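*Asks:* Provide a 3D model corresponding to the input given below.
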Amino acid sequence: MLLLAYIGVVAAMTLSPTPLDQGFESAIDKFLGVLHRNGVPEWFGYNKLEFTANILMFVPLGFLLGLALPARIWWVAVLVSPALSVAIELTQAGLLTARFATMSDVFANTIGGLIGTLLAIILRAIVNARDEKVIARALWQAQHQTALPVRSR
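*Replies:* Numbering: from 1, shown residues only. Below you'll find the predicted structure:
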């Protein structure tokens, strides 16, 4: 359910008729100014900010896909992120005249999806290792539990 909701959010953000940053140029410039005053290098400008935002937008998608799919086919999440990104960019190029389809967006989205999937795989491995230890301990305790003597009254 959360995965479908997040796909809806991504669709709303990427398939709206106008770019999300339209009308916010001044706020973005101020934000970049704050970043630069606080140690972020000057080379980190609007294009790098947009690229980073595209990565961050697809991290939750890759993560949720990585958790939603059965463990044996986790690799499908690696294919879905770039496929979804290409579909978004093709839709922007073909149907949304105010939007710009770019390969850099596909690249950034794919990176984000891969990072999210990797995080899901790591989380699954941690949980699986913990579960195996818990099960092994419970089995050991069951096998080595001594019968308590019954006290008579």
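
*Asks:* Spit out the contact partners of Phe100.
*Replies:* Taking Cβ atoms under 8 Å, 6 or more residues apart in numbering, we find Phe100 in contact with 19, 92. For the C-beta atoms, the positions are set from N, CA and C on the backbone; glycine is no exception.

*Asks:* what's next to stretch 108-116, contact-wise?
*Replies:* The contact list for stretch 108-116, computed with Cβ under 8 Å, 6+ apart, reads 51-52, 54-66, 77-78, 80-82, 84-85, 88.

*Asks:* so for it, what's the average pLDDT?
*Replies:* For stretch 108-116, mean pLDDT rounds to 97.

*Asks:* Just list the residues touching Tyr58, thanks.
*Replies:* Actually, residue 58 is Phe. It isn't Tyr. Residues counted as contacts of Phe58 (Cβ under 8 Å, 6+ apart) are 10, 81, 85, 108-113, 116.

*Asks:* Just the contacts of stretch 108-116: which are in strands?
*Replies:* Among these, the subset assigned to strands under DSSP state E is empty.

*Asks:* Could you identify the buried members of the residues you listed?
*Replies:* The neighbour-count test (16 or more other Cβ atoms under 10 Å) marks 51, 54-55, 57-66, 77-78, 80-82, 84-85, 88 as buried among the contacts of stretch 108-116.

*Asks:* among these, which are in helices?
*Replies:* Counting by DSSP state H, the part of the buried ones among the contacts of stretch 108-116 found in helices is 51, 54-55, 57-66, 77-78, 80-82, 84-85, 88.

*Asks:* Can you tell me the element Ser16 falls in?
*Replies:* Secondary structure assignment for Ser16, by DSSP states H and E: no helix or strand.

*Asks:* any low-confidence regions in this structure?
*Replies:* Within the chain, the stretches with pLDDT under 70 are 146-153.

*Asks:* Check which residues of the strand or helix carrying Val9 are buried.
*Replies:* Assigned by DSSP H and E, Val9 belongs to helix 2-14. Across helix 2-14, burial judged by 16+ other Cβ under 10 Å covers 6, 10, 14.

*Asks:* In contact with the residue lying closest to the last one once chain neighbours are set aside: list those residues for me.
*Replies:* On the basis of Cβ to Cβ, 6 or more residues apart in numbering, the spatially nearest residue to Thr14 that is not a chain neighbour turns out to be Ile88, at 4.7 Å. When contacts are counted by Cβ under 8 Å, 6+ apart, Ile88 touches 10-11, 14-15, 105, 109.
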